[in-house]
Each structure stands twice: as C-alpha cells, then as structure tokens.
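1. Structure here, sequence nowhere to be found:
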C-alpha cells in the first residue's frame, strides 16, 4: 500500500515496475571501464609484486634487506587503505582520486629516474637506492589512499540497481585482465626498454589517467541515483551541474 501511495503522489502509473530515472549506459560503463583500466595500467602490480627485483636492480644485494623492504611496503599498503576509509566521504571521490593519481605520477617518475641513474652508474649510489625505495613506498601509499579503493567505490555508485551487477562485473573483468597483462609483460618490457624505461612508461599511462579522471569523472559524493543522470548524460555536461 505504501508503494502504491508513493506512485499516486508522484503521478507514476501503478503498473510501472521499471526504474523511473535511467543513467546513460554508455557513459557510466565507459567511466567504470576507464577507472578500472587505469587503476591497473599505471603499473601498481608491477611495483608491488616485482618489488624484490626492483630493489635488486636498485642495488640492494642482501635478500633479507629486500624481504624487509617488501614486507614494509605491504604494511604501508594496508595502513593507507585504512586511512582512505576515513577520507573518501570527508574529502570526496574526485579530489582524492586526482590527488592520488597526481602523486603517483611523481613517485613513478622518481622511481624511473633513480633506476635509470643506477643502471648507468659504474658504482653504488646510496642516495639513488634511497630514492628508489622511497619512491616505491610513496607509489604504493598514494595508490592505496586513492586509486586503489576508489575504483571499486566509484564503479558501484554510478549505476542504477538494474545495471549495477552488469556494470561492476565488466569493471572487474577489465581490472583483472589489465592486471594480468601488466604482470605477464613486465619482465619482457623492462628487458626491452630497461627497468627505468618501464616505469617512465607507467608514469605516462598514469598521466593519461589523470586527464581521464579530471575530464570525465564527476564527483559522486552525497548524490542520489536520481542525480546521476545529468552527471553521466553526455560528456562534460556534469560540469554545469557541479556549479549549481
């Protein structure tokens, strides 16, 4: 009876069982695919899973030191993911995503530069080793506080209920496919262009990701499903709604 009263008050036919407000499929699907693609294409899995090899290339020769550095990275990833849970609703998705991606770009550039300098040096450069270790830590930290969790949060918010399962599933498929591609090609990539060159490439991808996020992903914090339609109706249309 309550649903019937609501329909009557809103002027909705009683036999209507479909969504009253529909979000444009192409735009919302494109946003979900894009955020999941760039989350993994920025090379985060290469940094995390190949960190022992990165540290070896950086000049850390003792296996125990490489293991300690890798464990510390995992602890940092967990810590900053927890920090993100307190910031995502306070700061907003868009600002956190852009700041996270921007700082990841700087960290990847620092890592690539440090590894390139070490690769072309005939003797041990302790400062470059420190730069590489700190760059891997900062890359993981900035990813975990923004791009990591927000890809899943954002893609779950932009679809109406009838499309949410489909949209999120597509995002997961893209995420895992790109992750697998990065992991399977990393060794071949750094042998072809050097390990520093590989991370310069990932920094370039992250730069494209920042442009994508800035241009096409609106803020969804505090918005209902009814408010999503003007945000994802057409490209750039959301900018006018954000000013209202």
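-> Received it, and whenever you're ready, just let me know what you need. This one's a predicted model, so the numbers in the text were calculated from it and none came from an experiment.
2. measure residue 200 to residue 67 for me?
-> Separation of residue 200 from residue 67 (Cβ to Cβ, to the nearest Å): 27 Å. Just so you know, the C-beta spots here come from the backbone N, C-alpha and C atoms, and that holds for glycine as well.
3. who's more crowded, these two?
-> residue 200 (18 against 13; other Cβ atoms under 10 Å).
4. Just confirm that one contacts residue 114, I think it does.
-> No: here residue 200 lies out of contact with residue 114, judged by Cβ atoms under 8 Å, at a distance of 11.5 Å.
5. Check which residues of the host helix or strand of residue 47 are buried.
-> Using DSSP states H and E, residue 47 sits within helix 44-49. For helix 44-49, burial by neighbour count (16 or more other Cβ atoms under 10 Å) applies to 44, 45, 46, 47, 48.
6. if I look at the second one, how far off is residue 222?
-> As defined by Cβ to Cβ, residue 45 lies at a distance of 32 Å from residue 222.
7. Show me what secondary structure element comes after the top helix by length along the chain.
-> In the chain, taking DSSP state H as the definition, the longest helix is helix 161-193. With elements assigned by DSSP H and E, the helix or strand that comes after helix 161-193 is helix 195-216.
8. Measure how far that next one is from the centre of its chain, please.
-> 11 Å (Cα atoms, centre = their mean, to the nearest Å).
9. what sits up against it?
-> 30-31, 34-35, 38, 41-43, 46, 54, 57, 94, 97-98, 101-102, 104-105, 108-109, 111-117, 119, 147, 186, 189-190, 193, 235-236 (Cβ atoms under 8 Å, 6 or more residues apart in numbering).
10. swap in stretch 131-138?
-> 47, 51, 54-55, 58, 60, 69, 72-73, 76, 103, 107-108, 110-111, 113-115, 118.
11. of those residues, buried ones?
-> Applying 16+ other Cβ under 10 Å to those, the neighbour count classes 47, 51, 54-55, 58, 60, 69, 73, 76, 103, 107-108, 110-111, 113-115, 118 as buried.
12. Mind checking which of those are in helices?
-> Per DSSP H, those map to helices at 47, 51, 54-55, 58, 69, 73, 76, 103, 107-108, 110-111, 113-115, 118.
13. pLDDT at residue 103, what is it?
-> The model reports residue 103 with a pLDDT of 95.
14. tell me, how many neighbours does the residue nearest to it when sequence neighbours are not counted end up with?
-> Among residues not flanking residue 103 along the chain, residue 142 sits closest, at 4.2 Å (Cβ to Cβ, 6 or more residues apart in numbering). Counted with other Cβ under 10 Å, the neighbours of residue 142 add up to 23.
15. show me what contacts residue 142?
-> 80, 100, 101, 103, 104, 107 are the contacts of residue 142 under Cβ under 8 Å, 6+ apart.
16. now do 7 Å
-> Going by Cβ atoms under 7 Å, 6 or more residues apart in numbering, residue 142 touches 100, 103, 104, 107.
17. These: which two are farthest apart?
-> The most widely separated members of those are 100 and 107, with 10.5 Å between them, by Cβ to Cβ.
18. mind checking the backbone torsions on residue 59?
-> phi 120, psi 10 (degrees, to the nearest 10).
19. Looking at it now. What's its pLDDT?
-> Per-residue pLDDT puts residue 59 at 85.
20. The one 5 residues further on too?
-> pLDDT for residue 64: 90.
21. got it, and residue 162?
-> 77.
22. and it, how far is that from residue 128?
-> Where residue 128 is concerned, residue 162 sits at a distance of 54 Å (Cβ to Cβ).
23. So the two - more neighbours on which side?
-> residue 128 (19 against 11).
24. so that one makes contact with residue 118?
-> Yes: using Cβ atoms under 7 Å, residue 128 makes contact with residue 118 at a distance of 4.9 Å.
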